[in-house]
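Undergrad: how would this look folded up:
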Amino acid sequence: MNGGPVAVPVMKESVPAIVEAFYPGELGGPALVNVLMGDAPVSGRLPYSLYTNDYIRERNMTDASLTGGAGTTYLYYNGPVLWPFGFGLSYTNFSVSPSTSTLSVSTSALQAGFNAYYQPGLDYHSQVTLPSMKVTNTGNRASAVTVLAFVLGDRPQKQLIGFNRTLALAPGNSTTVHLEVMPMLVSSLRWGEE
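TA: Prediction:
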């Protein structure tokens with residue numbers, strides 16, 4: 001339990017899993033016991049990257065710029081990390097497959113959709129729907145999973161643009177996950193060629 005990122009390379013090499021509880025609040029103790037005993041499904045994701053100890057030597061800690069030096073956050077840093085942004089384990093396994101033959105979406109098509117965001121009178125909560133995903137619990141325990149959608153690029157190297165969490169799926173069961181993206185989440189991306 002802690003309030004921020006903690007580099008634990010020795011533990012990563014020594015133990016099969018680490019539970020990150022952050023500041024869990026007054027009911028955090030019982031919740032943590034339920035997770036550790038397997039009575040509650042584990043399906044969380046890291047909200048930041050956990051860097052190696054070398055990161056401090058690579059980065060000027062007084063530079064608050066995300067792009068300064070080797071960069072920071074999953075958006076700009078591409079050096080080694082202990083665990084990346086969005087990493088998470090579960091007591092079961094999942095397979096995720098797209099509903100279409102490809103998940104590629106033309107950047108010009110996305111940009112056209114996001115440019116519409118700036119039109120007067122547009123609902124600020126309008127969304128663009130990405131191809132849906134079929135999520136199947138291939139393990140032997142019921143659990144939920146969060147599916148993340150990223151746009152890959154140069155600067156930033158990738159950006160989270162959507163996510164959706166399933167309800168708990170029994171072993172062998174599947175569900176369709178729809179990822180919807182609000183244009184304001186990616187309106188600041190630099191668009192390149194397709």
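
Undergrad: Please state the offset of stretch 65-79 from the chain centre?
TA: 17 Å (C-alpha atoms, centre = their mean, to the nearest Å).

Undergrad: buried residues in it?
TA: Within stretch 65-79, the residues that qualify as buried by neighbour count (16 or more other C-beta atoms under 10 Å) are 71-72, 74-77. Just so you know, the C-beta spots here come from the backbone N, C-alpha and C atoms, and that holds for glycine as well.

Undergrad: cool, stretch 130-141 as well?
TA: Going by neighbour count (16+ other C-beta under 10 Å), the buried part of stretch 130-141 is 130, 133, 135-137, 139, 141.

Undergrad: ok, now stretch 78-94?
TA: Within stretch 78-94, judged by 16+ other C-beta under 10 Å, the buried ones are 81-83, 85-86, 90-92, 94.

Undergrad: Check those residues against residue 33 and report the nearest one.
TA: For the buried residues of stretch 78-94, the closest approach to residue 33 (C-beta to C-beta) belongs to residue 91, at 14.9 Å.

Undergrad: picking that back up, tell me the two of the buried residues of stretch 78-94 that are most distant?
TA: 81 and 92 (24.7 Å).

Undergrad: distance of residue 51 from residue 23?
TA: 21 Å (C-beta to C-beta, to the nearest Å).

Undergrad: Any idea which helix or strand in the protein has the lowest mean pLDDT?
TA: helix 107-115 (a mean of 55; mean pLDDT, DSSP states H and E).

Undergrad: those strands in the chain, which residues are they?
TA: Secondary structure of the chain (DSSP state E): strands at 50-51, 81-83, 94-98, 128-129, 133-137, 146-152, 158-165, 174-177, 180-181.

Undergrad: looking at these, which one has the lowest mean pLDDT?
TA: Per-stretch mean pLDDT for the strands of the chain is lowest at strand 128-129 (a mean of 62).
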